[in-house]
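[1] I need the structure of the sequence given here:
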Amino acid sequence: MAFIAPAALPFTAPRSHLSASAFAPAAVAPRAVATRPSAVAPMRMDVSVTRMDNEPLEAMMRRFKRSVNNSGHLRELRHKRYFESTAEERIRKNKENLMRKKMDRMMQKSNQNRMQG
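    Okay, here's the model as predicted:
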């Protein structure tokens, strides 16, 4: 294996455009056993941030992180890190749904208190 000096590497444009492809799971060789289609289908990583004029890199990184978190990619990747049976998936989704409903009730109660007081 030959060592390539950094000067010999091809020129790359400045990193003014970030995408979530860094968070995509690594490609895995196909197995002989049958798997569920949802486990095989690749996730779409459509999160991207374009650098605005005179925008610092730190601000662009903050916007990128926020958009990745809002898109739910990291949460989905955490769930796909290990095999999850259909029963476990159903239990997890029920828990998430209960938490979502609880937060909605809390927000409604908070909004009602604001309107009254």
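
[2] in this protein, which spans are helices?
    Ranges of helices within the chain are 37-40, 57-71, 73-80, 86-116, based on DSSP state H.

[3] Mean neighbour count and distance to residue 49 for those - can I get that in JSON lines?
    Heads up, the C-betas are built off the backbone N, CA and C, glycines and all. As requested, the helices of the chain are exported to JSON lines (neighbours: other CB atoms under 10 Å; distance: least, CB to CB, whole Å):
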{"stretch": "helix 37-40", "mean neighbour count": "9", "distance to residue 49": "28"}
{"stretch": "helix 57-71", "mean neighbour count": "14", "distance to residue 49": "4"}
{"stretch": "helix 73-80", "mean neighbour count": "13", "distance to residue 49": "13"}
{"stretch": "helix 86-116", "mean neighbour count": "10", "distance to residue 49": "27"}
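
[4] Quick check: which of those helices is nearest to residue 47?
    Judged by CB to CB, the one of the helices of the chain that comes nearest to residue 47 is helix 57-71, at 5.0 Å.

[5] what packs against that closest one?
    strand 17-19, strand 48-50 (3 or more CB pairs under 8 Å, 6 or more residues apart in numbering; DSSP states H and E).

[6] do that again at 10 Å, thanks
    On a contact count with 3 or more CB pairs under 10 Å, 6 or more residues apart in numbering; DSSP states H and E, helix 57-71 meets strand 17-19, strand 48-50, helix 73-80.

[7] I'd like to know which of the helices of the chain has the weakest mean confidence.
    When those are compared by mean pLDDT, helix 37-40 comes last with a mean of 51.
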